[in-house]
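Student: curious how this folds, go ahead:
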Amino acid sequence: MPGRRWAAPVLLALSLPLLAPVSALTPPVAAAASRVPLEEVNAITTQVAFGLRRPTAIAAPDDGTHRLLITEKRGTVRVYHPDTGLEPTPIIDITASVDESDNERGLLGIALSPDFAESHELYLAYTALPDSAVTLARYRLDEARLEPLLSQEHSEHGNHNGGQITFGTDGNLYMSIGDGGGSGDSFDSGQRVDTLLGKILRIDVSRTCGSLAYCIPEDNPFAGVAGARGEIWMYGGRNPWRFSIDDADGSMWIADVGQGRWEEINHIKTGRQAGANLGWSCYEGLEVFDQTQCRSGVTYTKPVFTYSPYTGSCAVIGGEVYHGRQFADLVGDTYIATDYCSSTVWALRENGAGGYLATELGQTPTQVTAFGSTPEGELYVVNDLPGGLHRVSFEHALPTCRIRYTTRVWGTGMTVDLTITNAGTTPINGWTLRFPLARGQSVISDWNTDLVQGGDMVTAVNAAHNGSIAPGRSVTMGYLASHTGDASLPSRISLNRDICAVDR
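Tutor: Model prediction:
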């Protein structure tokens, strides 16, 4: 599954010159004027199927059947149809070949051949019996035959198997494999190119070459390089459990599960992908993790979005770019992701100036393991336990409150002033704010509010003089806090249970 969290060592200072600037990776694009601001969008999920056994991935055949194929950890593939629901009998059963002995082992990924409607071929990624090797295999539906193509030893630890597979716009198959598991890149595999661990691979499964059951594209960055694995397309991954390729432009969105400080999302355009270094274990997010793994003269790809797991999150779950028609005016060309533990929905959108807008849109069900999209571009998610399939939709909902921060940070201290604006049409008579603090932050005192901190969560109630807020009017409150290095501000604040828009 996404990845077990471990304690992180002391982080070293960030060395910015080693990081590829975001502007280099993301040239400006024309803004889509028809889309509403992301802070006015809510994500909604509707459960459409029950009874899945730890589902891990979704594939949607483009064959006119409107089916979804859903992998289950034990080694089965189920069929869902929007008219008839979940079929009781699996369409594929490879349980005899799958090692599901650990929480993160099992049948992990599925990809349909580009000519699936004619060939009935698909590809599966799983940890194999008897040695837990991460394995890519071809499966022929009409023959019920499993044909292993590629295998990577992965017996020492049960976590960080990766397992995402998908076909790119170039017809090649892409696959992620984690760093070998354990804690702290125990095999130093992230920055090595003589192993498939900690990598995203790119291979041609339509042909065979020599002793290989596939071919290595000649334009792979390490093809023909002595001592390197030619299958490598990108390296420096920790556990890129889920990535996707945007069919509209060929860019890759990679969600890499962090060690303990940062979850990250990378967006890498075509022309920048071959040989891209995602940073692990020199970097975790934007911070140096292990200086001994850093090399001078190496360009490390900078993530476009990071967040701390300390406020109820644990593992980033990517993610698809929405290209459907039903909600195009709300989230068209917008990347949607979530977190396995917090269930927070994030939307990322290029801002037209070389950067990105990132906004929370609400929550998915708990323990989402994967996204999937139909041929029409509509989104679904599956969640681990209790095991369901959920349709994702979006609504235009103007926020009824807006928060603006004014901050001052020094050493181990910080002050935060919040301006609370009533963006609705009715008066607010008494308010309660709830928001998470980053790990290591502790409130010392407050003003214009009665504030209580419980763990990482803060509850702030109005004072006697500022409980009423007329439409369009504002009140202020604030607090003094200590911190241990992370002075980041809350990105999600609720007022009387309504989520507020946050201005930064």
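Student: residue 292 belongs to a helix, doesn't it?
Tutor: Yes: Residue 292 forms part of a helix when assessed by DSSP: H, G, I helix; E, B strand; the rest coil.
Student: just the pLDDT at it, thanks.
Tutor: As summarised for this prediction, residue 292 has a pLDDT of 97.
Student: that one - how many residues pack around it?
Tutor: Taking other CB atoms under 10 Å as the criterion, the count of residues near residue 292 is 9. For glycine as for every other residue, the C-beta is placed from the backbone atoms N, C-alpha and C.
Student: any idea how far it lies from residue 162?
Tutor: With distances taken as CB to CB, to the nearest Å, residue 292 is found 24 Å from residue 162.
Student: try residue 422
Tutor: Summarising the geometry, the distance separating residue 422 from residue 162, computed by CB to CB, is 47 Å.
Student: my guess is residue 151 contacts residue 135. True?
Tutor: Yes: contact between residue 151 and residue 135 holds when scored by CB atoms under 8 Å: they sit 4.9 Å apart.
Student: mean confidence for stretch 40-49?
Tutor: Mean pLDDT, taken over the full extent of stretch 40-49, equals 95.
Student: and stretch 351-363, what's buried?
Tutor: Within stretch 351-363, the residues that qualify as buried by neighbour count (16 or more other CB atoms under 10 Å) are 356, 358, 359, 360, 361, 362, 363.
Student: wait, what's in contact with residue 263?
Tutor: Residues near residue 263 by CB atoms under 8 Å, 6 or more residues apart in numbering: 255, 256, 257, 285, 306, 307, 308, 309, 313, 315, 316, 339.
Student: which strand residues bridge it?
Tutor: Here residue 263 shows beta-bridge partners residue 307, assigned using DSSP bridges.
Student: ok, it to residue 492 distance?
Tutor: In terms of CB to CB, residue 263 sits 15 Å off from residue 492.
Student: cool, residue 136 as well?
Tutor: With distances taken as CB to CB, residue 136 is found 38 Å from residue 492.
Student: looking at the two, which has the bigger crowd around it?
Tutor: The residue with the greater number of neighbours, taking residue 136 and residue 492 and applying other CB under 10 Å, is residue 136; the counts read 27 against 18.
Student: so what pLDDT did that one get?
Tutor: Confidence at residue 136, expressed as pLDDT, is 99.
Student: and it, that's in a helix?
Tutor: No: the assignment for residue 136 by three-state DSSP gives strand, which leaves it out of any helix.
Student: who is it paired with across the strands?
Tutor: The bridge-partner assignment for residue 136, based on DSSP bridges, gives residue 125, residue 150.
Student: was I right about it contacting residue 175?
Tutor: Yes: using CB under 8 Å, residue 136 makes contact with residue 175 at a distance of 5.9 Å.
Student: what residues are shared contacts of the two?
Tutor: Where contact means CB under 8 Å, 6+ apart, the residues bridging residue 136 and residue 175 through contact with each are 125, 150, 165.
Student: can you give me the distance of the last one to residue 378?
Tutor: So that's residue 165. When distance is defined by CB to CB, residue 165 is 21 Å away from residue 378.
Student: so which of the two has more stuff around it?
Tutor: Neighbours of residue 165 and residue 378, each counted by other CB under 10 Å, are more numerous for residue 165; the result is 23 against 18.
Student: does that one touch residue 107 like I think?
Tutor: No: taking CB under 8 Å as the contact criterion, residue 165 and residue 107 are not neighbours in contact, 11.3 Å apart.
Student: how many other residues sit next to residue 423?
Tutor: A total of 19 residues lie near residue 423 under the criterion other CB under 10 Å.
Student: an error on my part: the question was meant for residue 426.
Tutor: Here the number of neighbours of residue 426 (other CB under 10 Å) works out to 9.
Student: with residue 470 instead?
Tutor: One way to gauge burial is a neighbour count; for residue 470, by other CB under 10 Å, it gives 11.
Student: what's the answer for the one 10 residues further on, then?
Tutor: Burial of residue 480 is recorded as 14 neighbouring residues (other CB under 10 Å).
Student: got the contact list for it?
Tutor: Residue 480 makes contact with 413, 414, 415, 443, 444, 445, 446 under the criterion CB under 8 Å, 6+ apart.
Student: can I get these in JSON lines including secondary structure and distance to residue 459?
Tutor: Supplementary listing: the contacts of residue 480 in JSON lines, determined by DSSP: H, G, I helix; E, B strand; the rest coil; distance: CB to CB, whole Å:
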{"residue": "413", "secondary structure": "strand", "distance to residue 459": "22"}
{"residue": "414", "secondary structure": "strand", "distance to residue 459": "19"}
{"residue": "415", "secondary structure": "strand", "distance to residue 459": "19"}
{"residue": "443", "secondary structure": "strand", "distance to residue 459": "11"}
{"residue": "444", "secondary structure": "strand", "distance to residue 459": "16"}
{"residue": "445", "secondary structure": "strand", "distance to residue 459": "16"}
{"residue": "446", "secondary structure": "strand", "distance to residue 459": "11"}
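Student: mark which of the residues you listed are buried, thanks.
Tutor: With neighbours counted by 16+ other CB under 10 Å, those contain buried members at 414, 415, 443, 446.
Student: related to what we said a few turns ago, neighbour-wise, which of residue 151 and residue 135 wins?
Tutor: Between residue 151 and residue 135, counted using other CB under 10 Å, the more crowded position is residue 135 (25 against 14).
Student: pull the contacting residues for that one.
Tutor: Residue 135 neighbours (CB under 8 Å, 6+ apart): 125, 126, 127, 128, 148, 150, 151, 152.
Student: nearest to residue 439, of those residues?
Tutor: Proximity to residue 439 was ranked across the contacts of residue 135 by CB to CB; first place goes to residue 127, at 32.0 Å.
Student: can you count the residues close to the nearest residue to that closest one once chain neighbours are set aside?
Tutor: In space, and not counting its chain neighbours, residue 127 is closest to residue 105: 4.1 Å by CB to CB, 6 or more residues apart in numbering. Under the neighbour criterion other CB under 10 Å, residue 105 is assigned a count of 22.
Student: how about the one 10 residues further on?
Tutor: If you count neighbours by other CB under 10 Å, residue 115 ends up with 11.
Student: what of residue 467?
Tutor: The local packing count at residue 467 equals 13, with neighbours defined by other CB under 10 Å.
Student: kindly report the same for residue 262.
Tutor: Look at residue 262: counted by other CB under 10 Å, it has 23 neighbours.
Student: and the residue nearest to it when sequence neighbours are not counted, what does it touch?
Tutor: The shortest distance from residue 262 to any residue that is not its chain neighbour, by CB to CB, 6+ apart, is 2.9 Å, and that residue is residue 285. Contacts for residue 285 were tallied using CB under 8 Å, 6+ apart; they are 258, 261, 262, 263, 264, 303, 306.
Student: what's the spacing between residue 285 and residue 354?
Tutor: Computed with CB to CB, the distance linking residue 285 and residue 354 is 20 Å.
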